[in-house]
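Trainee: Have a look at this prediction, sequence included:
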Amino acid sequence: MLRAPYLIVSVIAVALLAMTGCIRSNTDSVIRQVRPAIDKELLLEHVRILASDDFQGRRTGSDGGAMAADYVRNQMALIGLMAACSEDLTWPFTFESRRDQQQLTGSNVIGLIAGSAESTRVIVVSAHFDHLGMRGEEIFNGADDNASGTAAMLEISRYFSENPPRHSIIFAGFDAEEMGLRGASAFVESPCFSQFDISLEINMDMISRSDRSELYASGPLHYPALRTVIEDVSRPEDLSLLFGHDEPGSGSDDWTFASDHGPFHQVGIPFVYFGVEDHPGYHNPSDDFEDITPAFFHHAAEFVLNTVEAFDATLDSVLDSSLDDLPGAHE
Ligand SMILES: [Zn+2]
């Protein structure tokens, strides 16, 4: 019963915040020059809303899960993204639950910003918005996992809607990640996926909580040319960028199939996954908005944005020169 009025209020709140930002940047060029590319208040506000108890842990198939999909859809619509897979930004899919073989419906939310260059190559920037739901009275709010990545995906899309990229970028809010990467798998197996020349997947899952300000870029072990690009991206002094968690055979330390980049890698699409080490809130009811580390989160989101920009500038040369020769590279 809370759903419709709550969503309207929250969408208006974030829309107003966004408008305030526009007015400020248009009226004061000095502020515009020094203003970070991602507005920290907007970034945090998405997480505060998505990880609030009203969303009941955003489990796929639940009312809270539908609220989360609606929220992502409405934000993408306000930012001005085009639908990529159907007439609407919301792209439903069905799958069989592994736990009880029930048919469930998930809702990916997929938007596109068209590129300005001739290249047909497309970059995907993704984050899953679903989480674990409730167990008894306990709500798993999933602030870091993965309201954080969802918020960054939305704000990165806002940046590119104002600063058009060379390559087209698909922004994907995936559903049912927690049930086994089901939204990403459905997308990779869909006719929508095959109609695009998808050449790179950048996935964010848990990027807001690190006491040591450590962000991992995982995946370049499989696609070494990507590492050089990432290493050249400027980053805030207090952000430690680490590579790793992509060594085959290292058990749960290998994150290659730990989130939505997995299905892309399976069909040979180069990927970079951004995330933090597990923390006490991981898959616990204590993964709350109050426990994220806001300065680190903002810097991590800015760094991912800078990385997407760097790949947008270099994608064709990077892929043509080295990736096409790799075993497992996209054919
Ligand atoms: Zn996650």
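Mentor: Received, thanks. Numbers count the residues shown, from 1 in each chain.
Trainee: In the chain, spot the strand with the most residues.
Mentor: strand 103-113 (DSSP state E).
Trainee: just the strands in the chain please.
Mentor: With DSSP E as the criterion, the chain has strands spanning 82-83, 90-96, 103-113, 121-128, 133-135, 138-140, 168-174, 197-204, 214-218, 240-243, 271-275.
Trainee: Now the last one: average pLDDT?
Mentor: It stands for strand 271-275. The pLDDT scores in strand 271-275 average 98.
Trainee: sorry, back to before: nearest to H298, of the strands of the chain?
Mentor: Proximity to H298 (CB to CB) singles out strand 214-218 among the strands of the chain, at 11.8 Å. Heads up, the C-betas are built off the backbone N, CA and C, glycines and all.
Trainee: contacting residues around the closest one?
Mentor: 207, 227, 230, 239-246, 255-256, 272-277, 296, 300, 303, 307 (CB atoms under 8 Å, 6 or more residues apart in numbering).
Trainee: go on, stretch 308-317?
Mentor: 115, 119, 121, 123, 125, 156, 160, 165-167, 169, 199-200, 202, 226, 229-230, 232-233, 318.
Trainee: What remains of these if I keep only buried residues?
Mentor: 115, 119, 121, 123, 125, 156, 160, 165-167, 169, 199-200, 202, 226, 229-230, 233, 318 (16 or more other CB atoms under 10 Å).
Trainee: Report the rounded mean pLDDT for stretch 124-144.
Mentor: On average, stretch 124-144 scores 97.
Trainee: From the opening residue of it to its closing one, how far?
Mentor: 21 Å (CA to CA, to the nearest Å).
Trainee: Could I get the buried residue list for that stretch?
Mentor: Neighbour-count burial for stretch 124-144, counted by 16+ other CB under 10 Å, picks out 124-134, 139-144.
Trainee: go on, stretch 248-268?
Mentor: Those would be D254, W255, T256, A258, S259, D260, H261, G262, P263, F264, H265, for stretch 248-268 by 16+ other CB under 10 Å.
Trainee: Give me the pLDDT value at the last one.
Mentor: To tie it back to what came earlier, the one meant is H265. For H265, the pLDDT comes out at 97.
Trainee: for the fifth one, same thing?
Mentor: The per-residue pLDDT reported for S259 equals 97.
Trainee: can you start the count at 444 instead of 1 from here on
Mentor: Sure thing, new numbering starts at 444, so read that last one as S702.
Trainee: interface residues of the protein facing the ion?
Mentor: D588, N589, D648 (CB under 5 Å from the ion).
Trainee: Just the closest of the buried residues of stretch 691-711 to the ion, please.
Mentor: S702 (5.7 Å; CB to the ion).
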